[in-house]
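> Show me how the following folds:
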Amino acid sequence: MPVRAASAPRRDPARRGAARALLLVVLAALLPAAGCADAPTPQATRPATAGPTDTALGTLDVVYLTMMVAHTEQTMEIVRLGRDRVTDPELRTLVAAIEVTEADELTTMRAWLRDAGPGATAQPHDHTGHGAGPADLARLRNAPAGQVDAVLRRLLGSHQQAAADLARAHVATATNPRVRELARRVEQSRTAEVRLLTAPAAGRR
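Reported below is the predicted structural model:
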């Protein structure tokens, strides 16, 4: 059952494009250094042209967006806890790109849910099984200076893998073309980020 039609988010297209471009540039630059030169790099995708049914959110679209809003909010918390303590320049660059890109995605998803009506508003979500828990965040918060990079890599790598898994599953079930395209971009970018975050230390030199 479609939720009330959602109007296009009121955002600056230039800012949205810049955020995507930044992440693509960062991933393209860092993937070869991580020993993944042969891995496919996420491709920039052009938003689908809005058609008569492009703005209607299906029930599964609402569920996915609600879960991803909560997941992305937690990504931002992880980034805030680690960004100023990271010592590896490449990791710092990647974290900065993730922050910019996901802030933009968060704005989009909140707008789609808001425009779909009160029944589609994102609710507090349990991250059990696909997100960082309080103990994980505390571990990062309390990590000694020399261990922050390693703790952040493990935590963010696991967190972004969960986002990729959620997105991959929704690509097959989405009813809204724009939400499906968002899920496809999320799956591609998070998969590439995980590859960077989990690369062996030797491959990062």
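> Next, the residue lying closest to R92 once chain neighbours are set aside: secondary structure please.
Using CB to CB, 6 or more residues apart in numbering and skipping residues adjacent in sequence, the residue nearest R92 is V86, 4.6 Å away. In short, each C-beta sits where N, CA and C put it, glycine included. Under DSSP: H, G, I helix; E, B strand; the rest coil, V86 falls in the coil class.
> next structured bit after the helix or strand of the chain with the lowest mean pLDDT?
Every helix and strand in the chain was compared by mean pLDDT, DSSP states H and E; the lowest is helix 13-33, with a mean of 57. For helix 13-33, the following helix or strand on the C-terminal side (DSSP states H and E) is helix 59-82.
> Show the secondary-structure elements that that following helix is packed against.
Packed against helix 59-82 by the contact rule (3 or more CB pairs under 8 Å, 6 or more residues apart in numbering; DSSP states H and E) you find helix 89-115, helix 134-141, helix 148-171, helix 177-197.
> got the buried residues for it?
For helix 59-82, the neighbour count (16 or more other CB atoms under 10 Å) marks 61-62, 64-75, 78-79, 81-82 as buried.
> Repeat that for stretch 95-112.
Within stretch 95-112, the residues that qualify as buried are 95-102, 104-112, counting by 16+ other CB under 10 Å.
> So, low pLDDT: which residues of the protein?
For the chain, the stretches flagged by pLDDT under 70 are 1-55, 119-131, 201-205.
> on that earlier part again, so of the helices and strands packed on helix 59-82, which one's packed in deepest?
Most buried of those, by mean neighbour count (mean count of other CB atoms under 10 Å): helix 177-197, with a mean of 22.
> For it, enumerate the helices and strands it packs against.
helix 13-33, helix 59-82, helix 89-115, helix 148-171.
> now those helices as a markdown table including distance to T191?
A markdown table is the format used below for the helices and strands packed on helix 177-197 (distance: least, CB to CB, whole Å):
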| stretch | distance to T191 |
| --- | --- |
| helix 13-33 | 10 |
| helix 59-82 | 15 |
| helix 89-115 | 13 |
| helix 148-171 | 5 |
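> That concludes my questions; thank you for your assistance.
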